[in-house]
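> Dropping a prediction and its sequence here:
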Amino acid sequence: MNRHHKVALVAVLAGSGLAACADPLGGSKGLEIASISALSIPYPTVVLGDVMRDSLGIAAPVAIHAYDAKGNEIVGLYPQITILDATLNLAASTIHIDEQGFVHGVIRDSVGARVYAGFGSLVAPAQRVLVSVAPQVATKSVAATAISFDIATPDTSAVANWSPPLELTLTNTATAVIAAQGFVITYAVTRSPTPTTAGVPTAYIGDDAGKASRRDTTDRLGVAGRRVILRQQAIGDAALIAGTKTDTIVVRATVKYNGVELSGTPFDYIISVKRKP
């Protein structure tokens, strides 16, 4: 069955280490909550047997804020937390949130429990929390990558100007190979063809829709994979445009766990660039 947990979070909002005695609607202070913030989750995943940590590896609680009609934050209130597990046949909840708002990973879960938080009748949209394993090994895709551009094709063309996904896989090998899901990978272009105008990039990192996005999160197989997108109209190298030379784009993928680069990383991807014959 779904597990429903209501937790009074102590001092998550006030940040003072002290919790005021107030009802969820602020009635004891004569205040009414007019609006609330979104529920803030420090990281997409929590490691099994650990508490949720932020990108620096510091244990951090979930947080939600309440505001009065003038937009002033109301502190010292107790938000209500409800956890709905994604998997219906579990004997126990996949996560536990303690009274300080720290999320504990209890059972490995690749779908993610839904966490709701609010005050009285005001409830923020749910956030999913995954429970995964700690990443120990990063593997770079060995697939060849190349961009063969058509000078007459617009920069938005997925066929001509986008690389295949630059895949990177995270696993845990403590006992067997298990995918490490929900960890952030950061991509950056460190080299690209010479631009027509200094400072105007000739390549950028994008998602599968071509939207600029330098970060990706590993999926249930432990795989992340942003693309590099050539901006051919910004290229200032006449020989490359004419097709008499080739060039390269270099993308660096950075993997950090608890604020420290994973052993063997970062990885560099070298993408060849040439004009289509």
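That came through, no problem.
> who's in contact with the residue of the chain most remote from its centre?
Distance from the centre of the chain peaks at Thr244, with 40.7 Å (Cα atoms, centre = their mean). Under the criterion of Cβ atoms under 8 Å, 6 or more residues apart in numbering, Thr244 has no neighbours. All C-beta spots, glycine's among them, are computed from the backbone N, C-alpha and C.
> So it, which state does it fall into?
The assignment at Thr244 comes out as coil when based on DSSP: H, G, I helix; E, B strand; the rest coil.
> Likewise for Ala239?
Assignment for Ala239 (three-state DSSP): helix.
> Pull the contacting residues for it.
The contact partners of Ala239, by Cβ under 8 Å, 6+ apart, come to Lys245.
> ok, the residue farthest from the centre of the chain to Pro277 distance?
Separation of Thr244 from Pro277 (Cβ to Cβ, to the nearest Å): 12 Å.
> can you check Thr197 too?
Counting by Cβ to Cβ - Thr197 and Pro277 are separated by 28 Å.
> wouldn't Gly210 be in contact with Leu230 here?
No - Gly210 is not in contact with Leu230 according to Cβ atoms under 8 Å; the separation is 11.3 Å.
> Which neighbours do those two have in common?
Residues touching both Gly210 and Leu230 (Cβ under 8 Å, 6+ apart) are Trp162.
> Settle it for me: which of the two has more neighbours?
Under the neighbour definition other Cβ atoms under 10 Å, Gly210 and Leu230 were set side by side, and Leu230 has more, 25 against 16.
> what about the more buried one, distance to Ile241?
From Leu230 over to Ile241 the distance is 12 Å, taken as Cβ to Cβ.
> Ile64 now?
Here the criterion is Cβ to Cβ. By it, Ile64 lies 53 Å from Ile241.
> who has more neighbours, those two?
Between Ile64 and Ile241, counted using other Cβ under 10 Å, the more crowded position is Ile64 (25 against 17).
> Report the contact partners of the more buried one.
For Ile64, the contacting residues are Val12, Leu13, Ile36, Ser37, Ala38, Leu39, Ser40, Pro79, Ala117, Gly118, Ala124, by Cβ under 8 Å, 6+ apart.
> where along the stretch 1-150 of the chain do the strands fall?
For the stretch 1-150 of the chain, applying DSSP state E, counting those that start in this stretch gives strands covering 7-8, 35-36, 45-47, 66-67, 73-74, 80-84, 95-97, 103-105, 109-119, 122-123, 127-132, 137-140, 146-149.
> any idea which of those is most buried?
Ranked by mean neighbour count under mean count of other Cβ atoms under 10 Å, the strands of the stretch 1-150 of the chain are led by strand 45-47, which reaches a mean of 26.
> Low-confidence regions, the stretch 151-277 of the chain specifically.
Scanning the stretch 151-277 of the chain with the threshold set as pLDDT under 70 gives 154-160, 174-176.
> can you give me the helices for it?
For the stretch 151-277 of the chain, applying DSSP state H, counting those that start in this stretch gives helices covering 158-161, 238-242.
> coming back round to it: kindly reformat the strands of the stretch 1-150 of the chain as JSON lines containing mean pLDDT and distance to Val251.
Listed next are these as JSON lines, based on pLDDT from 0 to 100; distance: least, Cβ to Cβ, whole Å:
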{"stretch": "strand 7-8", "mean pLDDT": "42", "distance to Val251": "42"}
{"stretch": "strand 35-36", "mean pLDDT": "96", "distance to Val251": "39"}
{"stretch": "strand 45-47", "mean pLDDT": "97", "distance to Val251": "24"}
{"stretch": "strand 66-67", "mean pLDDT": "95", "distance to Val251": "41"}
{"stretch": "strand 73-74", "mean pLDDT": "92", "distance to Val251": "41"}
{"stretch": "strand 80-84", "mean pLDDT": "90", "distance to Val251": "38"}
{"stretch": "strand 95-97", "mean pLDDT": "93", "distance to Val251": "34"}
{"stretch": "strand 103-105", "mean pLDDT": "96", "distance to Val251": "32"}
{"stretch": "strand 109-119", "mean pLDDT": "92", "distance to Val251": "27"}
{"stretch": "strand 122-123", "mean pLDDT": "94", "distance to Val251": "41"}
{"stretch": "strand 127-132", "mean pLDDT": "95", "distance to Val251": "25"}
{"stretch": "strand 137-140", "mean pLDDT": "92", "distance to Val251": "11"}
{"stretch": "strand 146-149", "mean pLDDT": "87", "distance to Val251": "12"}
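> No more questions from me, cheers.
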